[in-house]
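Chemist: Structure for this input, please:
(one chain, ligands or ions: 2)
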Amino acid sequence: MSKLRVAVLGARGRIGSEAVRAVEAAEDMELVAALGRGDELSKLVEADAQVVVELTTPDSVMENLEFCLSHGVHAVVGTTGWTEERLARLRTWLDASPETGVLIAPNFSIGAVLTMKFAQIAAPYFESVEVVELHHPNKVDAPSGTATRTAQLIAEARSKAGCAPQPDATATALDGARGADVDGVPVHAVRLRGLLAHQEVLLGGEGETLTVRHDSLHHSSFMPGILLGARRVTAAPGLTFGLEHFLDLG
Ligand SMILES: NC(=O)C1=CN([C@@H]2O[C@H](COP(=O)(O)OP(=O)(O)OC[C@H]3O[C@@H](n4cnc5c(N)ncnc54)[C@H](OP(=O)(O)O)[C@@H]3O)[C@@H](O)[C@H]2O)C=CC1
Ligand SMILES: O=C(O)C1=N[C@H](C(=O)O)C[C@H](O)C1
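Modeler: Ligands and ions are numbered 1, 2, ... in the order given. This next block holds a predicted model:
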């Protein structure tokens, strides 16, 4: 059987360099290009890449995806910075390339995907829910894509269940003290040397609390998800948002 022809964009970055090694080690894949900032995207076409793994930065990802979709190259995207406006632009490119698939995964690690699922299940049963994400201090954005997605899923679950807004009697506060408000869910971002990528979802009800915590201790935690995404995206035209859809978690 022929090998899947995979290219990595952001190949010299923290996660990109780990992805290069993972693709090279995968028996069913061939690494056909490993590009960094400044490299010509035309190399993707010259290398006849079937799938691009996009692990660059929020300021680069849109241009890269526009190129991929206009050349019928499927994409597995880990880069953060997704807004409704960006997703709408991506959908117009996908409409023009209906056989091409894009997976955007806020987080490729199985534990983080399950954290989001568990938080979604638990959120309607507690009065209060807050998200705390903790990352290395070189991370470019805050809050993390994972925390934003977690808060959105929590808010959706609570709205569907008809939950009241969360209690919070704060009358005065320093700016930022209550975190960022993502659809009514407070999200707090910690940046600390020594950490990699961690998240806690804190849920509170009368006389009890529940904490769902996940820790990515090494970039290797993201690799099985990236490889799964690359294997599945070629048969999933259009936009898939969240690795859970390829894990049959709904
Ligand atoms: N979904 C997930 O599971 C995960 C997602 N991420 C996300 O992945 C992204 C990258 O994170 P991280 O590796 O830590 O960041 P890094 O800054 O270490 O890596 C980004 C790399 O992309 C390069 N780059 C920038 N623009 C381009 C371009 N146009 N073409 C090719 N390469 C480019 C950068 O080059 P230069 O340094 O020269 O600018 C850099 O080498 C972030 O958005 C992060 O949040 C990270 C981990 C897991
Ligand atoms: O920049 C990182 O490191 C990570 N970024 C992603 C995010 O913003 O959620 C995934 C993970 O948290 C690591």
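Chemist: what about the top helix by length along the chain, average pLDDT?
Modeler: Counting residues, the longest helix in the chain under DSSP state H turns out to be helix 145-160. Helix 145-160 carries an average pLDDT of 98.
Chemist: helices and strands around that helix, which ones?
Modeler: With contacts taken as 3 or more CB pairs under 8 Å, 6 or more residues apart in numbering; DSSP states H and E, helix 145-160 sits against helix 110-122, strand 128-135, strand 180-182, strand 185-191, strand 197-205. Yep, even glycine has a C-beta here, placed from its N, CA and C like the rest.
Chemist: and those as CSV, adding mean pLDDT, distance to ligand 2 and mean neighbour count?
Modeler: Formatted as CSV, the helices and strands packed on helix 145-160 follow (pLDDT from 0 to 100; distance: least, CB to the nearest ligand atom, whole Å; neighbours: other CB atoms under 10 Å):
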stretch, mean pLDDT, distance to ligand 2, mean neighbour count
helix 110-122, 98, 7, 19
strand 128-135, 98, 5, 22
strand 180-182, 98, 13, 15
strand 185-191, 98, 10, 19
strand 197-205, 98, 4, 20
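Chemist: any chance of these in TSV, plus distance to Thr211?
Modeler: Shown next, in TSV, are the helices and strands packed on helix 145-160 (distance: least, CB to CB, whole Å):
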stretch	distance to Thr211
helix 110-122	10
strand 128-135	10
strand 180-182	19
strand 185-191	14
strand 197-205	6
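Chemist: hang on, the earlier thing: so which bits of the longest helix of the chain are buried?
Modeler: Within helix 145-160, the residues scored as buried using 16 or more other CB atoms under 10 Å are 145-155, 157-158.
Chemist: tilt between it and helix 110-122?
Modeler: Using axes from the mean of the first three to the mean of the last three CA atoms, to 10 degrees, the inter-axis angle of helix 145-160 relative to helix 110-122 is 20 degrees.
Chemist: relative to strand 128-135, how tilted is helix 145-160?
Modeler: Helix 145-160 runs at 170 degrees relative to strand 128-135, counting by the same axes, to 10 degrees.
Chemist: what about helix 145-160, near ligand 2?
Modeler: Yes - on the criterion CB under 6 Å from any ligand atom, helix 145-160 is in touch with ligand 2 at Gly145, Thr146.
Chemist: Show me what that helix is in contact with.
Modeler: Residues outside helix 145-160 that contact it (CB atoms under 8 Å, 6 or more residues apart in numbering): 80-82, 106-107, 112, 115-116, 119-121, 123-124, 129, 131, 133, 143, 182-185, 187, 189, 197, 199, 201, 242.
Chemist: and ligand 1, which of those residues contact it?
Modeler: Thr80, Pro106, Asn107.
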